[in-house]
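1. Give me a model of this one.
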Amino acid sequence: MSFFALAAYVDADAVRVLAGTREAEQSIPGIVIAALSLTVMPFLSAAQRRAGRELGSASAVADSKQTLLCTYLSAMLLVGLVLNATLGWSWADPITALVIAAIAVKEGRDAWQGKGCCAPTAAVVPSAGAETDACGCRPGCDCCN
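-> Residues are numbered from 1 along each chain as shown. This is a model prediction of the structure:
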């Protein structure tokens with residue numbers, strides 16, 4: 001649900017800016033926070049994924065994917081903020097926000113359908129015939145990526 005709520009909020013704000021009811025402001029603190037997030041999030045995601053697999057926690061693996069998505073979103077946010085701050089392209093920030101919202105909707109739909117979360121639970125031991133990869137993912141799952 002958090003993905004859908006994020007998308008709705010970001011869409012509404014971006015549309016208001018693009019419609020001219022307000023203008024996207026330059027934000028040096030936003031640039032700094034996005035850059036720090038872009039630097040830290042990949043390591044946090046990898047640590048969460050590793051811990052989730054070791055604990056057999058599908059929810060921790062799923063959370064690591066959300067953290068990895070935050071890395072990509074931070075990169076996109078940084079591009080929009082920098083374009084606005086350096087070139088005065090106030091439209092770049094809301095356009096980037098609409099792309100971020102679309103990604104959030106896709107991720108929300110995937111999470112709602114149970115896609116992308118394939119970590120085995122600690123209590124479940126795969127049967128001898130079960131096919132899994134090195135981290136315990138079933139064919140077609142991408143939890144190791």
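
2. quick one: contacts for the residue lying closest to I31 once chain neighbours are set aside?
-> Nearest residue to I31 in three dimensions, chain neighbours excluded: L81, at 4.9 Å (C-beta to C-beta, 6 or more residues apart in numbering). The C-beta positions use only the backbone N, C-alpha and C, and glycine is treated the same way. Taking C-beta atoms under 8 Å, 6 or more residues apart in numbering, we find L81 in contact with Q26, S27, G30, I31, A34, D93.

3. Below-threshold pLDDT in the protein: ranges please.
-> For the chain, the stretches with pLDDT under 70 are 116-145.

4. can we see that at 50?
-> Scanning the chain for pLDDT under 50 picks out the ranges 119-128, 134, 144-145.

5. By residue count, tell me the biggest helix in it.
-> helix 58-87 (DSSP state H).

6. just checking, next helix/strand downstream of that one?
-> helix 92-112 (DSSP states H and E).

7. mind listing what's buried in that following helix?
-> Buried residues in helix 92-112, counted by 16 or more other C-beta atoms under 10 Å: 92-98, 100-101, 103-105, 107-108, 111.
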